[in-house]
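S.K.: generate coordinates for the sequence data below:
(chains A and B)
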Amino acid sequence: RKEVEQDPGPFNVPEGATVAFNCTYSNSASQSFFWYRQDCRKEPKLLMSVYSSGNEDGRFTAQLNRASQYISLLIRDSKLSDSATYLCALSLRGGADGLTFGKGTHLIIQP
Amino acid sequence: SQTIHQWPATLVQPVGSPLSLECTVEGTSNPNLYWYRQAAGRGLQLLFYSVGIGQISSEVPQNLSASRPQDRQFILSSKKLLLSDSGFYLCAWRNSGANVLTFGAGSRLTVL
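M.R.: Purely as a prediction, here's the structure:
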């Protein structure tokens, strides 16, 4: 089983709709979780951290389910500018050895 | 504020040629530094990380090497490139004790 798995998509969603996608992880010792956004041929940029109690940032809501070992990202009232690839990332040991990333979910918002 | 710079942004190299990618961070001291590679259709793969000058940890055995000659400088090198080295190379940094990574703009390498 891969460490971090995401549905690659693409998810084709009409503008204004709500879309959600999950990311599952295999190591129960994973400590910190994040969602990154990556535009085509650009570097990933932090979208939001994911906290145990769930957190919201504007139209974006992130949740963590430790029992089932997944994190989720919900985007409400989607905009054309939300089209991108969304990468989940986690820290396995909380040490210096970086983040482990999923391959990303490609989202296309259609007018 | 902190900034991270990578260069060159794009390069095309023949098989067997050497490689040097450079990354520098400004506005912070003693950062943890990282090299990732993103190959076509694949996820981000951690190649090397460094917690201080001269300290390099390798995550994946390959024909690449990394060096950290100065606190805020991280270099990725190869003596002889392979076709499979093509990809998008990303340098990232974070402060020790923090978890969030910040990436540079990346260097896109095509090996022909």
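S.K.: can we go C-alpha only for contacts and neighbour counts from here?
M.R.: Will do.
S.K.: need the nearest residue in space to the residue most central in space within chain B, chain neighbours excluded.
M.R.: Closest residue to the average C-alpha location of chain B: B:Trp35 at 3.2 Å, with C-alpha atoms, centre = their mean. For B:Trp35, ignoring the flanking residues on the chain, the nearest one in space by C-alpha to C-alpha, 6 or more residues apart in numbering or on different chains is B:Cys91 at 4.7 Å.
S.K.: now for the residue of chain B found nearest chain A: which residues touch it?
M.R.: Nearest residue of chain B to chain A, counting by C-alpha to the nearest C-alpha: B:Gly43, 4.1 Å away. By C-alpha atoms under 8 Å, 6 or more residues apart in numbering or on different chains, the contact list for B:Gly43 reads A:101-104.
S.K.: any idea how far the residue nearest to A:Tyr25 when sequence neighbours are not counted is from chain B?
M.R.: Distances taken as C-alpha to C-alpha, 6+ apart place A:Val4 nearest to A:Tyr25, at 4.5 Å, with adjacent residues excluded. According to C-alpha to the nearest C-alpha, to the nearest Å, A:Val4 stands 10 Å off from chain B.
S.K.: then A:Ser78?
M.R.: Relative to chain B, A:Ser78 is positioned 25 Å away (C-alpha to the nearest C-alpha).
S.K.: let's verify that residue: helix, strand, or coil?
M.R.: Classification of A:Ser78 using DSSP: H, G, I helix; E, B strand; the rest coil returns coil.
S.K.: for the spatially closest residue to it that is not a sequence neighbour, helix, strand, or coil?
M.R.: Nearest residue to A:Ser78, sequence neighbours excluded (C-alpha to C-alpha, 6+ apart): A:Gly16, at 4.6 Å. Put simply, A:Gly16 is coil when judged by three-state DSSP.
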